[in-house]
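>>> got a predicted model here, sequence first, then my questions.
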Amino acid sequence: VFAPLVLAMEKRDGYEARKLAFNISADERVAAYLLVPDGNGPFPAILALHDHGAHFTIGKEKVIRPLAGETEKLKDALEWTDKYYGGVFIGDELAKRGYVVFATDALYWGDRGRFEGAAYEAQQELGANLLQLGQSWAGVITWDDMRSAEFLQGLPEVSPEQIGCIGLSMGAHRTWNLCAATDIVKAGAAICWLGDTTTLMAEGNNQTRGQSAFSMIHPGLRNLLDYPHVAGIACPKPMLFFNGTEDALFPVPGVEASFDILQEVYESQGVADRLYTRLWPVPHEFNREMQQEAFAWLDAHLAP
């Protein structure tokens, strides 16, 4: 069904990087990166879910270093990772730790970008067109992430019961949505995307201004569930949530209220020890210190 085809590969320090194409749906064939550690598998695996950032020319390249020859994408990716990831490609770091790592572009990013070129204002057009068709942009992203999880689980290099996911910003939103939507993924680390309706629907917040909001809004869901309630559906899976006290996109009162809701959910199921929440004194970023703590947490829950 997925019909994967390896397009290119290169040897890296302790792992192999592959660029491939696969059928993410019956209608769309997309490019992806796959990192496979040296040695005999199967290995634990991670879906590396890229951020939004209003930066669309790269997607998967924000979390996995582009292959040799992809010069323009590499320049773009290096500038992006320097700004938000402490100069680190988190997928490559996880591959060095012994994980198979998979990343593909969400719709509108990278190789799945707009034919006419990336444009901030065109996000609303995409969101509106999908709504006209009875779909939503956020729904398409979550569905594609579920398909990616199914693809990853079926690879011979992957231990099917040891799959996790991680992401910053929209990648964090994708992380807890994916963990709520499928049991293929056993653990998730969500960095800098969690808050409650009261704070995120305040005037001026990104969730009120159209455009980027359409990639993270499930129509009608707010009538029934708040954001942390959706994230809580992942319970009893191990889940990590980091946010920053200096992150203007996610006011601290809303983050703390969301952490309290998640704590209540996990305590109600007798698995409070599987939830880890922390506020860091940082802006909207995933720096190296945060990465080391998150990676060690993933190792504790996914590594053999």
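Ah, there it is. Residues are numbered from 1 along each chain as shown.
>>> buried residues in the strand ranked longest in the chain?
Ranked by number of residues, the top strand in the chain under DSSP state E is strand 158-168. Judged by neighbour count using 16 or more other CB atoms under 10 Å, the buried positions of strand 158-168 are 158-159, 162-168. In short, each C-beta sits where N, CA and C put it, glycine included.
>>> list the contacts of Cys192.
Cys192 makes contact with 168-169, 172, 242-244, 247, 249-250, 284-286, according to CB atoms under 8 Å, 6 or more residues apart in numbering.
>>> backbone dihedrals for the residue lying closest to Lys62 once chain neighbours are set aside, please?
In space, Lys62 comes closest to His50 once its chain neighbours are excluded; the distance is 4.4 Å by CB to CB, 6 or more residues apart in numbering. Dihedral pair for His50: phi -70, psi 160, per degrees, to the nearest 10.
>>> pLDDT wise, what is His50 at?
For His50, the model assigns a pLDDT of 98.
>>> so it sits right up against Thr57, yeah?
No - contact criterion CB atoms under 8 Å: His50 and Thr57 do not qualify, at 11.9 Å.
>>> more neighbours, the two?
His50 (28 against 15; other CB atoms under 10 Å).
>>> helices or strands up against the helix or strand harbouring Thr175?
Using DSSP states H and E, the element containing Thr175 is helix 170-181. Helix 170-181 sits against strand 43-49, helix 137-153, strand 158-168, strand 187-191, helix 227-232, strand 239-244, with contacts defined as 3 or more CB pairs under 8 Å, 6 or more residues apart in numbering; DSSP states H and E.
>>> now Trp109, nearest residue through space, not along the chain?
Closest to Trp109 by CB to CB, 6+ apart is Gly59, at 3.1 Å.
>>> residues near the one you found, how many?
27.
>>> same question, Gln132
8.
>>> so how far is Thr142 from it?
Remark: distance between Gln132 and Thr142 (CB to CB, to the nearest Å) = 19 Å.
>>> any chance you could map the strands in the stretch 1-150 of the chain?
5-12, 15-23, 29-37, 43-49, 100-104 (DSSP state E, counting those that start in this stretch).
>>> tabulate those strands (a markdown table), appending distance to Glu293 and mean neighbour count.
Shown next, in a markdown table, are the strands of the stretch 1-150 of the chain (distance: least, CB to CB, whole Å; neighbours: other CB atoms under 10 Å):
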| stretch | distance to Glu293 | mean neighbour count |
| --- | --- | --- |
| strand 5-12 | 24 | 12 |
| strand 15-23 | 22 | 19 |
| strand 29-37 | 21 | 21 |
| strand 43-49 | 16 | 28 |
| strand 100-104 | 18 | 28 |
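>>> closest to Ser212 out of these?
strand 43-49 (16.0 Å; CB to CB).
>>> counting contacts, what elements does the closest one pack onto?
Here strand 43-49 touches helix 90-96, strand 100-104, helix 137-153, strand 158-168, helix 170-181, helix 288-302, going by 3+ CB pairs under 8 Å, 6+ apart.
>>> now the ones you listed as TSV including mean pLDDT and distance to Gly270?
Shown next, in TSV, are the helices and strands packed on strand 43-49 (pLDDT from 0 to 100; distance: least, CB to CB, whole Å):
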stretch	mean pLDDT	distance to Gly270
helix 90-96	98	30
strand 100-104	98	32
helix 137-153	98	26
strand 158-168	98	22
helix 170-181	98	19
helix 288-302	98	17
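>>> okay if I get these as JSON lines plus distance to Ser215?
Formatted as JSON lines, these follow (distance: least, CB to CB, whole Å):
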{"stretch": "helix 90-96", "distance to Ser215": "20"}
{"stretch": "strand 100-104", "distance to Ser215": "15"}
{"stretch": "helix 137-153", "distance to Ser215": "5"}
{"stretch": "strand 158-168", "distance to Ser215": "13"}
{"stretch": "helix 170-181", "distance to Ser215": "6"}
{"stretch": "helix 288-302", "distance to Ser215": "23"}
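>>> ok, back up a step: distance to Thr197 for the helices and strands packed on helix 170-181 - can I get that in CSV?
Formatted as CSV, these follow (distance: least, CB to CB, whole Å):
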stretch, distance to Thr197
strand 43-49, 23
helix 137-153, 15
strand 158-168, 21
strand 187-191, 18
helix 227-232, 7
strand 239-244, 16
